[in-house]
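Undergrad: Any chance you can model this:
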Amino acid sequence: MYFENGREDEIKIHKIDCVFLEYLFCNKSHHHIILEMTNNYSITPPVPPTFHYLQERNRIYVSDAYEVISRNEWWDPFRTALLSRGVDSNTGFMFNTDPLYRRIMNAVGSTEIGGRHSGASIGFVMREMEIIALYGEPEYRRLRTVPPPIQT
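TA: The predicted structure follows:
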């Protein structure tokens, strides 16, 4: 998504890259927003997230899987598959036979970082990717940056 300032009170959005737009703007300055929709309904933001809010041990795996899915343009098919057929609760991702899920996991597992996955870590990372595919990275970030409990 990128923005172009037109008139002083107008912002044009040339490309919508999010399925969920609920956190698009906090419109405190009363700007008019003009949406120019395209046929690209990808949830991939223009700049890959850094996942700086995750612990290092999780960040490297989540970031690697995110890059693999983005590079192969699998966000839309992945989201569609999740919405239409979900993930079998008996098999999860690890033992799932769905061709798309297997292709994603094989691609993630073939990277230098992904080659270090265990069965548990690939399952964990796929669940993280599921959240991003369904709700977008901003919502994922919000869910993962819940403040720690107050010590009493």
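Undergrad: Give the buried residues for stretch 121-129.
TA: 122-126, 128-129 (16 or more other C-beta atoms under 10 Å). Where you see a C-beta, it was placed from the backbone N, CA and C, and this is true even at glycine.
Undergrad: and which of those is nearest Arg103?
TA: Nearest to Arg103 among these is Met126, at 12.1 Å by C-beta to C-beta.
Undergrad: could I get the buried residues of stretch 121-129 as JSON lines with secondary structure and distance to Asp76?
TA: As requested, those are exported to JSON lines (DSSP: H, G, I helix; E, B strand; the rest coil; distance: C-beta to C-beta, whole Å):
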{"residue": "Ile122", "secondary structure": "helix", "distance to Asp76": "22"}
{"residue": "Gly123", "secondary structure": "helix", "distance to Asp76": "23"}
{"residue": "Phe124", "secondary structure": "helix", "distance to Asp76": "23"}
{"residue": "Val125", "secondary structure": "helix", "distance to Asp76": "19"}
{"residue": "Met126", "secondary structure": "helix", "distance to Asp76": "17"}
{"residue": "Glu128", "secondary structure": "helix", "distance to Asp76": "18"}
{"residue": "Met129", "secondary structure": "helix", "distance to Asp76": "13"}
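Undergrad: care to break this structure down by domain?
TA: 1-41, 56-144 (automatic domain parsing).
Undergrad: Could you tell me the least trusted of those?
TA: Sorting the domains of the chain by mean pLDDT places domain 1-41 lowest, at a mean of 39.
Undergrad: where exactly do the strands run in the protein?
TA: 3-5, 10-13, 32-35 (DSSP state E).
Undergrad: returning to what we had before: just curious, which of the buried residues of stretch 121-129 is nearest to Leu143?
TA: Glu128 (9.9 Å).
Undergrad: Thank you, goodbye.
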